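**Q** make a model of this:
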Amino acid sequence: MNDAKNGVIGPRRPIRVAALATALTGALLLLCCTGGAGAFLLTELGGDTDDPVTNSLEGCGRGGVIDVRGKMPRIDGYGDSQIRNAAIIIKVGADMKVPPRGWVIAVATAMQESRLSNLGHLGSRNDHDSLGLFQQRPSQGWGTPEQLQDPAYAARKFYEKLVTVKNWQQMSLTRAAQRVQRSAFPDAYAKHEPVATKIVDALADGAAQTVEIGNRRACQAAARGNIAASGWTAPIPGGVGSGFRTAERPAHNGVDIAAPKGTLIRAATTGRVIVSRCDPDSRGRESCNVDGYPGKGGCGWFVDILHANDYITRYCHMIRKPQVIVGQSVQAGQVIGEVGSSGNSSGPHLHFEVHVSADRSSRGAVDPVPFMRSRGAPLNGAP
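**A** Purely as a prediction, here's the structure:
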């Protein structure tokens, strides 16, 4: 495997991604869910355009056929041949009936291992005998050198191993990829998840916004612990009431989602808890075990989670001490607390924030509504 040395989660190695987050959000929102689905035309791989898994994304995408020999979408930082390789990876996954979460994992893995380039032997710069998109090694039984430089073969071997991993769809991208690749630098995979999501959406008409529910695939439905192919889920069910930085509340750096007391709050995506405590009120008192009131000040019981690419999510006004502690790793959809009304609150609800660039201050806050919608995990009831 490539000796990538980039870490992923932690404030000591910030990755400035505010501009990237804005670009991704804008690009993904263009992929509206209006019916139909993407199919693939890749004749040299024997593509079957009548495959219901490929052609039925439950309302996601604009329909149409993608020919990887034709014009590819433009993705910043990647050339035409690299995006064609990504299309082959996705096509193979679709043919094998691997859910779209697997496509995101596979594309992100190839981004880390080869930057989506079909690498030959790199001599002294090579990691042993690693080859191809996934830097698989003939000496470890992945195949012959010729086979591993066939992108379709390499992708198929990756998926064959991935689907044998128990609960791989519930794992973080890093853990799932590492179970397949056994990389010396496993944390490096996660930083590619946002762009891999963008690539899958661009090539497969919004497939990264879908979620597997039972035996069907639904669009924009990641909630109640169901996780979208992007790796995200809504923290609680319910509609947005008070919005982000409205005219009435210009300093409101998140959104409020009303819900009954005790409603389970879930981590929006995989990450590490960096704050879990009672936020003092405007008079400096830590009085979070009672209902708050307007003007009291403070977030009450709250949690901040740091995610890959220096995203932070915040969850305020919990009813009691959170169920997670600082330093704890959490999975997407894991329960972290319960809805309450502690702190500066007029009734039970979750105040939910999203920040970029590892900036917990108001400067790092972005509107959670388009951010979550672009990841297939809309805050229910939000436009």
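**Q** what's the longest strand in this protein?
**A** Longest strand in the chain, counting residues (DSSP state E): strand 271-279.
**Q** show me how far the helix or strand following that strand is from its chain's centre.
**A** Going down the chain from strand 271-279, the next helix or strand is strand 300-306, by DSSP states H and E. Distance of strand 300-306 from the chain centroid (CA atoms, centre = their mean, to the nearest Å) equals 20 Å.
**Q** for strand 300-306, which helices and strands make contact with it?
**A** strand 271-279, strand 312-318, strand 335-338 (3 or more CB pairs under 8 Å, 6 or more residues apart in numbering; DSSP states H and E). All C-beta spots, glycine's among them, are computed from the backbone N, C-alpha and C.
**Q** just say which of those strands is most tucked in.
**A** strand 312-318 (a mean of 25; mean count of other CB atoms under 10 Å).
**Q** can you check what angle separates that strand from strand 271-279?
**A** 40 degrees (axes from the mean of the first three to the mean of the last three CA atoms, to 10 degrees).
**Q** helices or strands up against strand 312-318?
**A** strand 271-279, strand 300-306, strand 335-338, strand 349-355.
**Q** that older thread, need the helices and strands packed on strand 300-306 in a markdown table with distance to residue 86, can you?
**A** Listed next are those as a markdown table, based on distance: least, CB to CB, whole Å:
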| stretch | distance to residue 86 |
| --- | --- |
| strand 271-279 | 25 |
| strand 312-318 | 28 |
| strand 335-338 | 33 |
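**Q** export those strands as JSON lines, with columns for distance to residue 259 and mean pLDDT.
**A** Below are the helices and strands packed on strand 300-306 laid out as JSON lines (distance: least, CB to CB, whole Å; pLDDT from 0 to 100):
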{"stretch": "strand 271-279", "distance to residue 259": "19", "mean pLDDT": "97"}
{"stretch": "strand 312-318", "distance to residue 259": "10", "mean pLDDT": "98"}
{"stretch": "strand 335-338", "distance to residue 259": "10", "mean pLDDT": "98"}
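**Q** what's around residue 243, how many residues?
**A** 18 (other CB atoms under 10 Å).
**Q** hang on, it packs against residue 255?
**A** Yes. Look at residue 243 against residue 255 with CB atoms under 8 Å: they come within range, at 5.6 Å.
**Q** need the overlap of contacts for these two.
**A** Residues touching both residue 243 and residue 255 (CB atoms under 8 Å, 6 or more residues apart in numbering): 367, 369.
**Q** contact partners for the residue in the chain sticking out farthest from the centre?
**A** Residue farthest from the centre of the chain, counting by CA atoms, centre = their mean, is residue 283 at 38.4 Å. Neighbouring residues of residue 283 by CB under 8 Å, 6+ apart: residue 297.
**Q** find me the pLDDT at it, would you?
**A** At residue 283, the model reports a pLDDT of 92.
**Q** kindly report the same for residue 258.
**A** 94.
**Q** against residue 316, how distant is the closest residue to it other than its chain neighbours?
**A** Distances taken as CB to CB, 6 or more residues apart in numbering place residue 349 nearest to residue 258, at 4.6 Å, with adjacent residues excluded. Using CB to CB, to the nearest Å, residue 349 is found at 9 Å from residue 316.
**Q** tell me where the model's unsure across the protein.
**A** 1-59, 61-67, 121-128, 183-186, 381-383 (pLDDT under 70).
**Q** how does it divide into domains?
**A** 18-219, 255-373 (automatic domain parsing).
**Q** distance to residue 225 for these - can I get that in TSV?
**A** Below are these laid out as TSV (distance: least, CB to CB, whole Å):
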stretch	distance to residue 225
domain 18-219	9
domain 255-373	4
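**Q** between the helices and strands packed on strand 312-318, which one is nearest to residue 114?
**A** strand 271-279 (26.5 Å; CB to CB).
**Q** between the closest one and strand 300-306, how many degrees?
**A** Using the same axes, to 10 degrees: strand 271-279 against strand 300-306 is 160 degrees.
**Q** list the pairing partners of strand 271-279 within its sheet, with orientation.
**A** Applying DSSP bridges to the sheet, strand 271-279 is found paired with strand 300-306 (antiparallel), strand 329-330 (antiparallel).
**Q** check whether residue 93 really touches residue 104, as I assumed.
**A** No. Contact criterion CB under 8 Å: residue 93 and residue 104 do not qualify, at 9.5 Å.
**Q** dump the residue contacts of residue 320.
**A** Residue 320 sits in contact with 289, 301, 337-338, 340, where contact means CB under 8 Å, 6+ apart.
**Q** dump those residues to JSON lines, plus distance to residue 372.
**A** Shown next, in JSON lines, are these (distance: CB to CB, whole Å):
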{"residue": "289", "distance to residue 372": "30"}
{"residue": "301", "distance to residue 372": "22"}
{"residue": "337", "distance to residue 372": "18"}
{"residue": "338", "distance to residue 372": "20"}
{"residue": "340", "distance to residue 372": "22"}
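**Q** quick check, nearest of these to residue 309?
**A** Closest to residue 309, out of all of the contacts of residue 320 and judged by CB to CB, is residue 337, at 23.8 Å.
**Q** what's the helix or strand for residue 94?
**A** helix 80-95.
**Q** list the buried ones in that helix?
**A** 82-95 (16 or more other CB atoms under 10 Å).
**Q** same question, stretch 150-166
**A** Buried-residue list, stretch 150-166, by 16+ other CB under 10 Å: 150-159, 161-163.
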